[in-house]
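coordinates only, sequence not included:
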């Protein structure tokens, strides 16, 4: 069991309390699992109250015992129903609230109504942007976990030639790949904050299955195995001389490393190899252009300009009407954190921010490109991914 260091929790809480003060809030109530883990070190069925000053109160419905074992917070108590929140925090002298922050980007409306009934004279405010801003800057402790996550997915990619062969189905290939992740500590829970954007492990597509779009807000879809989840690996058998696209999030100790690599049994067409080289060039040009403070939209605008100049206007980040409007995204406890590298995003890319950059192309014969995870440093972006960024050919 990996316990989040107490100093990490205290530092995060102190930053958050400064945000509460700047928004003139008396405190905030946290319920989302990702935010709960970030501020407490545990993911139990709980309600976390963080005051503008003073010690937080973690109210655990189930399991109190695990919450006390896993979190370093001073105040951890039992709760039976959320209506007990005012009474419990009042026992710690947190009273006379006027303004309270909530995670209004994810909080269900019926839960919001419960809080309105609990605190009839309180004004509620969205604290989600402040949480996203704090979480976007990773500590050295978090970056080291991300390095570990990328080392795990690296080992999985390096193992692919040992089980990839002609005639294997996408689902079988996915199963072998996922086993490599699982046996190295992947819990199988990849979290997204965006509403209804389900994500399981990752994606395997071969040949024209990479041309199949999906509901998911990513450049590559895949057929999936069921219309109930039309995304990712399907039943298609892998053939020679076609592109094999593997894109997975590696989640270790809660933190997500995101990476794609390309494989082929035989040889790819000149068009596909040129597209792969173009993806690497776009990645390289972006990395040369960005520095600490670069607005998050600039990598996207540069990528779009380069892709169009190369003749890939209809193929970049999806095919025609199914193209997505970003070229990268922040990663951490969730796979869609800040910064989002998309038009209109003015968020500066600051030292400590970790992000995935994924220039990709989609053609009727398949999907190809690359994706790597980076951390912005004072000197510029640095790779966290470590797998060679090449097409791996299997004869």
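That came in fine, so what should we check first? Predicted, not measured: the structure shown is a model, and the values here were computed from it. Numbers count the residues shown, from 1 in each chain.

helices along the stretch 201-350 of the chain, start to end?
Here the stretch 201-350 of the chain has its helices, by DSSP state H, counting those that start in this stretch, at 270-289, 297-309.

other SSEs contacting the first one?
Same thing as helix 270-289. If contacts are counted by 3 or more Cβ pairs under 8 Å, 6 or more residues apart in numbering; DSSP states H and E, helix 270-289 sits against helix 297-309, strand 354-357, strand 360-363, strand 366-369. To be clear about C-beta, it is placed using only N, CA and C from the backbone, and glycine gets the same treatment.

what do you get for the shortest one?
Applying 3+ Cβ pairs under 8 Å, 6+ apart, one finds that helix 297-309 contacts helix 270-289, strand 337-341.

what residues are bridge-paired with residue 357?
Residue 357 has these beta-bridge partners by DSSP bridges: residue 328, residue 372.

show the pLDDT at it.
On pLDDT, residue 357 comes in at 98.

domain ranges for this structure, per the record?
The chain breaks down into these domains under automatic domain parsing: 6-135, 137-394.

what is the burial count for the closest residue to residue 132 other than its chain neighbours?
Counting by Cβ to Cβ, 6 or more residues apart in numbering, residue 132 lies nearest to residue 338, which is 5.1 Å off, once chain neighbours are set aside. Number of residues near residue 338 (other Cβ atoms under 10 Å) recorded here: 22.

now residue 338: how far from residue 34?
Using Cβ to Cβ, to the nearest Å, one gets 13 Å for the distance from residue 338 to residue 34.

my guess is residue 89 contacts residue 55, does it?
No. Using Cβ atoms under 8 Å, residue 89 makes no contact with residue 55, being 11.1 Å away.

those two: which has the busier surroundings?
The residue with more neighbours, out of residue 89 and residue 55, is residue 89; 22 against 15, by other Cβ under 10 Å.

list the contacts of the more buried one.
Shown in contact with residue 89 (Cβ atoms under 8 Å, 6 or more residues apart in numbering): 27, 49, 51, 57, 95.

and it, its phi and psi?
Main-chain torsions, residue 89, degrees, to the nearest 10: phi -70, psi -30.

quick check, pLDDT for residue 259.
The per-residue pLDDT reported for residue 259 equals 98.

that one: what's it in contact with?
150, 153-154, 157, 247-248, 250, 356, 371-373, 385, 387.

from those residues, which is closest to residue 362?
Taking Cβ to Cβ as the measure, residue 362 lies nearest residue 247 of the contacts of residue 259, at 12.4 Å.

please name the nearest non-neighbouring residue to that closest one.
If you skip the residues right next to it in sequence, residue 247 has residue 260 as its closest partner in space, 3.9 Å away by Cβ to Cβ, 6+ apart.

okay, the helices and strands packed on helix 270-289, which one's buried deepest?
Counting by mean count of other Cβ atoms under 10 Å, strand 366-369 has the highest mean neighbour count of the helices and strands packed on helix 270-289, with a mean of 28.

give me the contacts around that one.
With Cβ under 8 Å, 6+ apart as the test, strand 366-369 has contacts from 205-211, 219-220, 242-243, 245, 260, 262, 272, 275-276, 279, 358-361.

go again with 6 Å.
Residues outside strand 366-369 that contact it (Cβ atoms under 6 Å, 6 or more residues apart in numbering) are 205, 207, 210, 220, 243, 245, 262, 272, 275-276, 279, 359-361.

go on, stretch 307-316?
With Cβ under 6 Å, 6+ apart, stretch 307-316 has contacts from 278, 320, 361-363.

I'd like the residues you listed as TSV, with distance to residue 334 and pLDDT appended.
Shown next, in TSV, are these (distance: Cβ to Cβ, whole Å; pLDDT from 0 to 100):
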residue	distance to residue 334	pLDDT
278	30	98
320	29	97
361	26	98
362	25	98
363	30	98
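
and the residues you listed, which is closest to residue 227?
residue 362 (20.9 Å).

next, the contact list for residue 94, please.
Applying Cβ under 6 Å, 6+ apart, the residues contacting residue 94 are residue 51.

spell out the secondary structure type for it.
At residue 94 the chain is in coil, as set by DSSP: H, G, I helix; E, B strand; the rest coil.

again, but for the one 3 residues further on
In the three-state summary, residue 97 is assigned as coil, counting by three-state DSSP.

ok, it touching residue 25?
No. Using Cβ atoms under 6 Å, residue 97 makes no contact with residue 25, being 9.0 Å away.

among the contacts of stretch 307-316, which two are most distant?
Distances among these were taken as Cβ to Cβ; the most separated pair is 278 and 320, at 17.7 Å.

who has more neighbours out of the two?
Neighbour count, other Cβ under 10 Å: between residue 278 and residue 320, residue 278 has more, with 21 against 10.

tell me, how many residues neighbour the residue nearest to the more buried one when sequence neighbours are not counted?
Once flanking residues are discounted, residue 278 sits nearest to residue 310: 5.3 Å by Cβ to Cβ, 6+ apart. For residue 310, the count of nearby residues is 18 (other Cβ under 10 Å).

backbone dihedrals for residue 310, both of them.
The phi/psi pair for residue 310 (degrees, to the nearest 10) reads phi -80, psi -10.

any idea how far it lies from residue 282?
In terms of Cβ to Cβ, residue 310 sits 8 Å off from residue 282.

next, the closest residue to residue 6 other than its chain neighbours: secondary structure please.
In space, and not counting its chain neighbours, residue 6 is closest to residue 72: 3.9 Å by Cβ to Cβ, 6+ apart. Each residue gets one of three states, and residue 72 gets coil by three-state DSSP.

just to revisit the earlier point, looking at the helices and strands packed on helix 297-309, which is buried most?
strand 337-341 (a mean of 24).

could you list the paired strands of that one along with their orientation?
strand 328-330 (antiparallel).

so for the strand it pairs with, mean pLDDT?
The average pLDDT within strand 328-330 is 98.

what residues does the longest helix anywhere in the chain touch?
Identified as the longest helix of the chain according to DSSP state H is helix 140-163. Here helix 140-163 makes contact (Cβ under 6 Å, 6+ apart) with 8, 176-177, 180-181, 184, 248, 250, 252-253, 255, 257, 259, 261, 263, 354, 373, 375, 384-387, 394.
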